[in-house]
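Chemist: With the input below, show me the fold.
(one chain, ligands or ions: 1)
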Amino acid sequence: MIPIAKPIIDEDVIDPIREIIKSGNIAQGRHVKQFEETFASFIGAKYAIATTSGTNALQLALLSAGIGGGDEVITTPFSFIASATAILQCGASPVFADIDPVTFNIDPGDIESRITSRTRAIIGVHLYGQMFDVGAVQDICQRHRLIMIEDACQAHGARFNRSLAGSYGIGCFSFYPTKNMTTGEGGMVTTSDEGVATRCRLLRNHGQAERYCHTMLGYNARMTEIAAVIGISQLKKLESFNEARIKNANFLSDVVSSIKGLIPPHILPDHRHVFHQYTIRVTSDYKMSRDELKKYLECNGIGCGVHYPVPIHLQPMFDKPDCKLSYPRAEQAAREVLSLPVHPSLTTQDINTIAEVLRNA
Ligand SMILES: *Cc1c(COP(=O)(O)O)cnc(C)c1O
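Modeler: All right, here's what the predicted structure looks like:
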């Protein structure tokens, strides 16, 4: 089976990890600091704060912006659940805006009518590795005095014009094993706002300003030195990983666009899409349903996935009637999308096999 995701972790992490274990300094220390500094400079943000997951990066970003009970945060219903649950975990309420059917990202044109006197922030998600319309969302945020948070958990190295994902608003990254780079489990907040950075550091470490002096309610989201060493190594290779993803995606798009009823990912001008997922749309013009094609590919040794089969607003955890609103474009995407393997571990033979199976389906 050709897997849908597979991380590449270099052996260059083994010696530093051995040193860390021998030293006994395993919890957050100088390697975490080094990882934060190199990550911030890569993204083009002044500060980066390492965490233990993308989810708590989102929580820290929201809390550092003062968001809590009674507040509303606008986000997309078509993402991984954490984009919305991070809002609930801060005591605030998610309010959804529908997506652009071409990019699958939040549609700025559907945001403004959802803004109320309680709205405090917008979390846009750079879904599959291509950035949402940061220009338009930034504009809305400025006009309504809202905070823009970028869920960049799928967009390490993605770019719009000259600037990277995570440098426009408060950036939140995940280093889960399926992402463009990994630390096992891990996350990062990026910001150029000193106040946000200071509050994130406090929130991550029990609100501790000085030893045993706790100035605010905090949490424990400290990264380990071992994770940081893996992150430092991964960051050095991120560009080559992303280039391999882009090359694989271009190859697949040539095949997909020649098949009636299948639509390859749309790349916007001035954007660099880093293909966390290579996600096609299986339309009603195709000879099989999306689920039949998925089954066919899997029977022929090709791992594939549906990201995501149930939009967030339809998840069983939302049982309140006011959450049963309809977001038709997100619901249609959930019926049509199918992700194929695109990761850098694919061999030339793998990618040729995927093309052949697709053509013969
Ligand atoms: C992976 C992911 C997250 C959560 O990251 P974790 O590290 O798994 O907590 C949040 N948002 C999006 C869009 C993701 O893909």
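Chemist: name the helices or strands packed onto the host helix or strand of Ala61?
Modeler: Using DSSP states H and E, Ala61 sits in helix 54-64. Packed against helix 54-64 by the contact rule (3 or more Cβ pairs under 8 Å, 6 or more residues apart in numbering; DSSP states H and E) you find strand 47-51, helix 82-89, strand 147-151, strand 170-174, strand 187-191, helix 194-204. For glycine as for every other residue, the C-beta is placed from the backbone atoms N, C-alpha and C.
Chemist: Same list (these) but as TSV, adding mean pLDDT.
Modeler: Shown next, in TSV, are the helices and strands packed on helix 54-64 (pLDDT from 0 to 100):
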stretch	mean pLDDT
strand 47-51	98
helix 82-89	96
strand 147-151	98
strand 170-174	98
strand 187-191	98
helix 194-204	98
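Chemist: export those to a markdown table and tack on distance to the ligand and mean neighbour count?
Modeler: Shown next, in a markdown table, are those (distance: least, Cβ to the nearest ligand atom, whole Å; neighbours: other Cβ atoms under 10 Å):
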| stretch | distance to the ligand | mean neighbour count |
| --- | --- | --- |
| strand 47-51 | 9 | 26 |
| helix 82-89 | 4 | 22 |
| strand 147-151 | 5 | 26 |
| strand 170-174 | 3 | 30 |
| strand 187-191 | 5 | 30 |
| helix 194-204 | 14 | 20 |
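Chemist: Adding distance to Pro311, write these out as a markdown table.
Modeler: Shown next, in a markdown table, are the helices and strands packed on helix 54-64 (distance: least, Cβ to Cβ, whole Å):
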| stretch | distance to Pro311 |
| --- | --- |
| strand 47-51 | 26 |
| helix 82-89 | 10 |
| strand 147-151 | 15 |
| strand 170-174 | 20 |
| strand 187-191 | 24 |
| helix 194-204 | 29 |
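Chemist: Show the residue spans covered by the strands in the stretch 201-350 of the chain.
Modeler: For the stretch 201-350 of the chain, strands defined by DSSP state E, counting those that start in this stretch occupy the ranges 208-210, 213-214, 262-263, 271-272, 278-282, 337-340.
Chemist: OK, contacts around the spatially closest residue to Val196 that is not a sequence neighbour?
Modeler: Excluding the flanking residues, the one nearest Val196 by Cβ to Cβ, 6 or more residues apart in numbering is Ser64, at 4.7 Å. Residues near Ser64 by Cβ atoms under 8 Å, 6 or more residues apart in numbering: Ile170, Val189, Gly195, Val196, Arg199, Cys200, Leu203.
Chemist: ok, now which ones touch the residue of the stretch 251-361 of the chain found nearest the ligand?
Modeler: Nearest residue of the stretch 251-361 of the chain to the ligand, counting by Cβ to the nearest ligand atom: His276, 7.3 Å away. Residues near His276 by Cβ under 8 Å, 6+ apart: Tyr128, Gly129, Gln154, Ala155, Lys179, Asn180, Arg245.
Chemist: if you set the cut-off to 7 Å instead, what comes out?
Modeler: Tyr128, Gly129, Gln154, Ala155, Lys179, Asn180 (Cβ atoms under 7 Å, 6 or more residues apart in numbering).
Chemist: Can you tell me which of the residues you listed are buried?
Modeler: Tyr128, Gly129, Gln154, Ala155, Lys179, Asn180 (16 or more other Cβ atoms under 10 Å).
Chemist: Please list which of these are also close to the ligand.
Modeler: Gln154 (Cβ under 6 Å from any ligand atom).
Chemist: what number of residues lie near the closest residue to Arg159 other than its chain neighbours?
Modeler: Excluding the flanking residues, the one nearest Arg159 by Cβ to Cβ, 6+ apart is Arg272, at 3.9 Å. By the measure other Cβ atoms under 10 Å, the count of residues near Arg272 is 19.
Chemist: What residues sit buried inside the longest helix anywhere in the chain?
Modeler: For the chain, the helix with the greatest residue count under DSSP state H is helix 225-256. For helix 225-256, a neighbour-count test (16+ other Cβ under 10 Å) marks 225-235, 237-238, 241-242, 244-246, 248-249, 251-253, 255-256 as buried.
Chemist: That helix vs the ligand: in contact?
Modeler: No: judged by Cβ under 6 Å from any ligand atom, helix 225-256 stays clear of the ligand, getting no closer than 11.5 Å.
Chemist: From the contact counts, what lies against that helix?
Modeler: helix 14-23, helix 30-43, strand 278-282, helix 348-360 (3 or more Cβ pairs under 7 Å, 6 or more residues apart in numbering; DSSP states H and E).
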